[in-house]
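[1] fold the following.
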Amino acid sequence: MVSSATFSAMKRVLAIETSCDETAVAVVELHQSLIINHQSIVVLSSIVSSQIDIHKITGGVVPEVAARAHVEAIIPVIAEAVKRAGITKEEIDAIVTTTQPGLRPALVVGETAGWALAAAWNKPFVPVHHIAGHIAAAWLSSEKETIIHKFPATVLVVSGGHTQLFQLNEKLEMKLLGQTRDDAAGEAFDKIARLLELPYPGGPELAKLALQGYGKAFDFPRPMFNSEDLDFSFSGLKTSVYYAIRDKKLSLQEKADVAASAQNAIVDILIQKTLKAVQQEGAQEVIIAGGVAANTKLRETMKTALGDTQFIVPPIKYCTDNAAMIGAAALLGIEMPA
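    Got it, this is the predicted structure:
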């Protein structure tokens, strides 16, 4: 466990992220604003080596295959990140690495590289939770202007493996408000894309196809839409799509209509629960984070639904897996609730 003294002393870190199929390394530094309690993260370098072409062959990520690709990429990516940052190892305060959650064979590669680098450079090793990283990406929201966050904030984390709502206070302490009871929203996107025989990665391909579709062509269910709690469910939606198209040879337009209708259902659920959390907790700001936060329909519809409530969403390059967000989580001291 890293001491609070180590956290407070860190101003510039090298971060490593290998939780799934992206080999990512970044160098980031903390800037303290003159505004009370405001901090911002400056990205000196952020390198991401994608494995999409590898996993297209199997239509999904095979952990052992991902791990081998990480082994091949990790050292060149570290070297490139340091080179682009224009710094020396003496100017780095710590080595920060994603240690959970994720594909265990893939995580081990990043952890091993992080520990080895920390030992070789005589630096502290700082473990970071992947979801804390996604949340910290909100501090990478703008590279040209300073964004002043408002608290309490409601945070929606929505990705291929997670759909969770948190409350975040001014000390950047989190409280879990609700989460999926079965599948994550990102998984629903990917599985529905597979039902439509779209290429990997499915989620972005489904969103692209949905642009050509009619979002009211299919009345897909919105599970737990009106439940009293802040939990989610997406398995029933996937099943409904399956039965709606089973044994049918769909035209491209019909596939687009299914994509648009399914996307509308997922977005409606996410927005309904987020608005409920905002009202329940008296939030002054909403942050969405995670890979699905890159979805244009979700971003635009959420912004409209929130009205005057401040809305923060990272640039698309920081929504998907990257190491800059992992370094930001360490520098800001964001940790997951027990």
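
[2] please count neighbours and contacts with C-alpha atoms only from this point.
    Will do.

[3] quick check, central residue of the chain?
    The centre of the chain sits closest to Gly290, judged by C-alpha atoms, centre = their mean, with a distance of 2.0 Å.

[4] identify the residues contacting that one.
    Gly290 sits next to Ile131, His134, Ile135, Val157, Val158, Ser159, Cys319, Thr320, Asp321 when contact means C-alpha atoms under 8 Å, 6 or more residues apart in numbering.

[5] from those residues, which land in strands?
    Judged by DSSP state E, the subset of the contacts of Gly290 located in strands is Val157, Val158.

[6] mind putting the contacts of Gly290 into TSV with pLDDT, neighbour count and distance to Phe218?
    Listed next are these as TSV, based on pLDDT from 0 to 100; neighbours: other C-alpha atoms under 10 Å; distance: C-alpha to C-alpha, whole Å:
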residue	pLDDT	neighbour count	distance to Phe218
Ile131	97	25	33
His134	97	30	32
Ile135	97	28	33
Val157	98	25	27
Val158	97	27	24
Ser159	93	26	24
Cys319	95	27	29
Thr320	94	20	29
Asp321	95	25	32
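
[7] for this protein, which spans come out with low pLDDT?
    Along the chain, segments meeting pLDDT under 70 span 1-9, 33-38, 141-146.

[8] the domain parsing of it - what is it?
    Domain assignment for the chain by automatic domain parsing gives 4-141+319-332, 153-313.

[9] what's the closest of those to Ala338?
    Ala338 sits nearest to domain 153-313 of all the domains of the chain, at 9.1 Å, using C-alpha to C-alpha.

[10] start and end of the closest one, how far apart?
    Taking C-alpha to C-alpha, to the nearest Å, the first and last residues of domain 153-313 lie 12 Å apart.

[11] any idea how many residues pack against Gly86?
    11 (other C-alpha atoms under 10 Å).

[12] quick one: which of the contacts of Gly290 is nearest to Ala277?
    Nearest to Ala277, judged by C-alpha to C-alpha, of these is Val157 at 13.1 Å.

[13] what residues does that closest one make contact with?
    Ile131, His134, Ile135, Thr163, Gln164, Leu165, Ile288, Ala289, Gly290.

[14] can you redo these as a markdown table with distance to Ala210?
    Below are the contacts of Val157 laid out as a markdown table (distance: C-alpha to C-alpha, whole Å):
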| residue | distance to Ala210 |
| --- | --- |
| Ile131 | 28 |
| His134 | 25 |
| Ile135 | 27 |
| Thr163 | 21 |
| Gln164 | 24 |
| Leu165 | 26 |
| Ile288 | 21 |
| Ala289 | 21 |
| Gly290 | 20 |
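
[15] let's see which of those residues end up in helices.
    Those of these mapping onto helices are Ile131, His134, Ile135, per DSSP state H.

[16] closest to Ala305 out of the residues you listed?
    Ranked by distance to Ala305 (C-alpha to C-alpha), those are led by Ile135 at 20.8 Å.

[17] and the residue nearest to the closest one when sequence neighbours are not counted, what are its bridge partners?
    Using C-alpha to C-alpha, 6 or more residues apart in numbering and skipping residues adjacent in sequence, the residue nearest Ile135 is Ala289, 5.8 Å away. Ala289 has these beta-bridge partners by DSSP bridges: Val157.

[18] I figured Ala289 was touching Asp321, is that so?
    No. With contact defined as C-alpha atoms under 8 Å, Ala289 does not count as touching Asp321 (10.6 Å).

[19] pull up the overlap in contacts between those two.
    With C-alpha under 8 Å, 6+ apart as the test, Ala289 and Asp321 both reach His134.

[20] could you dump the domains of the chain into a markdown table with distance to Ile147 added?
    Listed next are these as a markdown table, based on distance: least, C-alpha to C-alpha, whole Å:
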| stretch | distance to Ile147 |
| --- | --- |
| domain 4-141+319-332 | 8 |
| domain 153-313 | 9 |
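
[21] of the contacts of Val157, closest to Lys208?
    So of the contacts of Val157, ranked by how close each gets to Lys208 (C-alpha to C-alpha), first place is Gly290, at 18.2 Å.

[22] measure the closest one to Leu172 for me?
    18 Å.

[23] all good on my end, thank you.
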